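J.: Make a model of this:
(one chain, ligands or ions: 1)
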Amino acid sequence: MSDEVASHLSGIIHSMGGFLAAIMDPELRRHAADPAASNFIAGNPQELASPEYVRALQRLAEPKDKDWFGYKMSHRPALVAAAEGLSKELGLSFDPDDILLTRGAHGGLAAALNVVVDPGDEVIFISPPWFFYEALILGARGKPVKLRVTPRGFDLDVDAIARAITPRTRAVLINTPHNPTGRIFGEDTLRALAAVLTDASARNGRPIYLISDEAYSRILFDGNRMITPGAFYARSFLIHTYSKSTLAPGQRLGYVALPPGMPGREPLRQAFMVAGLATGNMLPDAVMQYALPEIDIMSIDLDHLQRKRDRMVRALNEMGYEVGSPQATFYLLPKSPIEDDTRFARTLAAQKVLVLPGTAVDMPGYFRISLTATDAMIDRALPVFAEVLASLAAGVAR
Ligand SMILES: Cc1ncc(COP(=O)(O)O)c(C=O)c1O
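T.: Residues are numbered from 1 along each chain as shown. Predicted structure coming up:
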């Protein structure tokens, strides 16, 4: 391996340090496989997938002709169904040819970055980030530029984004609804961001693209509406996935959508194909493509998810934790009762309650709870949350 490659790879590994430290933490790992543990670590399923989801895949795994499992370019009915579903969801009109199928949101993010980033280009991304943003930007040979959301209310800091833009800025990567804060960025904020990006693109004489990670666009509470920045800024790549709406993330299926009005759409569509071929980040498997029209209209039980949110937010606040109620996503983000969130997570883990230390997502002093945990896990965990807080208050926590 050349020195340059080694240093590139070590930069990528370093960027995932918080995540790797959390998932390799011996205390958390020891209990992760224990069926008696209450696992709130990740947005992973803790129950079997829905029978309708399983039946659709079983039926479509039965080959109907000799080409069924042959190399499969984008399956037209999948593009049509995704465009129709997204048009309904976002209130914009998407062309099926502007739906670029990917292996989940992760594949979509990689494709979008590889399409627009030249070596050394700067990509602004918001923090707290999803675990792999920085690695993906580095993987596309870009230079990550991290900006925090506002400390109060966790909103996009549009002024800070404006100040961080340089002549080398090529893309801004945001995530709405936002993991881990549960915030949906509002229309005014997104309009202000669009104005900043339009001005800066004109000033730079080179377009700045907005990459909008919308992985949780269908995990909304309280009748909230998804607002896409693509409605206000045409040079957006909208990253979608079925990992969250079906809670079956091991079955890789998602897409990048180009909004109506995206300039230069034809070369971009081709660039996506080339980026897929050049990176090996190819289309989702054939069965997932056949299943897309059915999967697009499926959803996990959002009422149930909201009941779990309400129950946990109420119970934790009553105990004395400080936690807001998310507008969307799978996550609660309470403040850690002690500064060292890793130590706090280990204290809970010793009693078989597993949470993600905030440090893993660049939110030291917080911890993240995934609402994909079962009711039984919540039943078991609530007394532990209370007990650990009381013992910390009494100064006797291990
Ligand atoms: C904000 C965010 N973006 C992207 C992803 C990746 O999604 P997928 O499983 O579809 O690749 C996740 C998954 O946890 C996520 O939380």
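
J.: which residues of this structure fall in helices?
T.: 3-15, 17-24, 26-32, 51-60, 76-90, 104-116, 133-139, 158-164, 187-204, 265-279, 286-295, 302-319, 341-349, 375-393 (DSSP state H).

J.: Surely Ser87 and Phe94 touch.
T.: Yes. At 5.0 Å, Ser87 counts as touching Phe94 under the criterion of C-beta atoms under 8 Å. In short, each C-beta sits where N, CA and C put it, glycine included.

J.: higher neighbour count, the two?
T.: Neighbours around Ser87 and Phe94, counted as other C-beta atoms under 10 Å, are more numerous at Phe94. The numbers are 24 against 15.

J.: just checking, the more buried one touches Val80?
T.: No. If you go by C-beta under 8 Å, Phe94 and Val80 don't touch, sitting 10.2 Å apart.

J.: Quick one: name the residues of the protein near the ligand.
T.: Counting by C-beta under 6 Å from any ligand atom, the residues of the chain close to the ligand are 43, 104-106, 130, 175, 179, 213, 215, 241, 243, 249, 254.

J.: of those residues, closest to Met377?
T.: The shortest gap between Met377 and any of the residues of the chain next to the ligand belongs to Gly43, at 14.1 Å (C-beta to C-beta).

J.: any idea how far Arg269 is from that closest one?
T.: Going from Gly43 to Arg269 by C-beta to C-beta, to the nearest Å gives 30 Å.

J.: Now do the same contact list for the residue nearest in space to the middle of the chain.
T.: For the chain, the residue nearest the mean C-alpha position is Ala215 (4.9 Å; C-alpha atoms, centre = their mean). With contacts defined as C-beta atoms under 8 Å, 6 or more residues apart in numbering, Ala215 is in contact with Ala105, Trp130, Asn175, Asn179, Ile239, His240, Thr241, Ser243, Lys244, Gly254.

J.: Any chance of a markdown table for the residues you listed, columns pLDDT and neighbour count?
T.: Shown next, in a markdown table, are the contacts of Ala215 (pLDDT from 0 to 100; neighbours: other C-beta atoms under 10 Å):
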| residue | pLDDT | neighbour count |
| --- | --- | --- |
| Ala105 | 98 | 26 |
| Trp130 | 97 | 21 |
| Asn175 | 98 | 28 |
| Asn179 | 98 | 27 |
| Ile239 | 98 | 27 |
| His240 | 98 | 30 |
| Thr241 | 98 | 26 |
| Ser243 | 98 | 21 |
| Lys244 | 98 | 26 |
| Gly254 | 98 | 27 |
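
J.: So which of the residues you listed sit within strands?
T.: Asn175, Ile239, His240, Thr241, Gly254 (DSSP state E).

J.: Return the residues in contact with the third one.
T.: What it means is His240. By C-beta under 8 Å, 6+ apart, His240 lies in contact with Ala82, Leu86, Ala105, Gly108, Glu214, Ala215, Ser217, Gly254, Tyr255, Val256, Ala257.

J.: With respect to Tyr331, which of the residues you listed is nearest?
T.: Looking at the contacts of His240 and their distance to Tyr331, the nearest is Ala215, at 11.8 Å (C-beta to C-beta).

J.: Tally up the residues packed near whichever residue of the stretch 51-200 of the chain sits closest to the ligand, please.
T.: Among all residues of the stretch 51-200 of the chain, Gly104 sits closest to the ligand, at 2.8 Å; criterion: C-beta to the nearest ligand atom. Using other C-beta under 10 Å, Gly104 has 24 neighbouring residues.

J.: next one: Pro249
T.: Based on other C-beta under 10 Å, the number of other residues close to Pro249 is 20.

J.: What's the separation between it and Val323?
T.: 25 Å.

J.: now Pro151
T.: Taking C-beta to C-beta, one finds Pro151 at 16 Å from Val323.

J.: Return the residues in contact with Leu220.
T.: Per C-beta under 8 Å, 6+ apart, neighbours of Leu220: Pro177, Ile184, Met226, Leu302, Gln327, Ala328.

J.: what's the answer for Gly230, then?
T.: Leu90, Leu92, Leu210, Ser212, Ser236, Leu238, Ala257, Pro259.

J.: which of those lies closest to Asp155?
T.: Using C-beta to C-beta, those come closest to Asp155 at Ser212, 15.5 Å.

J.: got the contact list for the closest one?
T.: Ser212 touches Ile174, Asn175, Thr176, Thr228, Pro229, Gly230, Ser236, Phe237, Leu238, Ile239, counting by C-beta under 8 Å, 6+ apart.

J.: who's it bridged to?
T.: Note on Ser212: beta-bridge partners Ile174, Leu238, judged by DSSP bridges.

J.: With Leu138 as the reference, measure out to it.
T.: Ser212 is 20 Å from Leu138, by C-beta to C-beta.

J.: hang on, the earlier thing: mind checking which of the helices of the chain is nearest Lys66?
T.: helix 286-295 (12.6 Å).

J.: So for the closest one, mean pLDDT?
T.: Across helix 286-295, pLDDT averages out at 98.

J.: Pull the residues that contact that helix.
T.: By C-beta under 8 Å, 6+ apart, helix 286-295 touches 52-53, 56-57, 60-61, 68-70, 72, 74-75, 77-78, 80-82, 101, 242, 246, 251-253, 283.

J.: can you give me the angle it makes with helix 104-116?
T.: 110 degrees (axes from the mean of the first three to the mean of the last three C-alpha atoms, to 10 degrees).

J.: export helix 286-295 as CSV, just CAs?
T.: Taking C-alpha atoms only, helix 286-295 is exported to CSV below (Å, rounded to 0.1, in the frame of the first residue of the first chain):
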residue,chain,number,x,y,z
ALA,A,286,-33.4,-7.8,-8.7
VAL,A,287,-36.0,-9.0,-6.2
MET,A,288,-35.9,-5.7,-4.3
GLN,A,289,-36.5,-3.8,-7.6
TYR,A,290,-39.5,-6.0,-8.4
ALA,A,291,-40.8,-5.5,-4.8
LEU,A,292,-40.5,-1.7,-4.8
PRO,A,293,-44.0,-0.9,-6.0
GLU,A,294,-45.4,-3.0,-3.1
ILE,A,295,-42.8,-1.8,-0.5
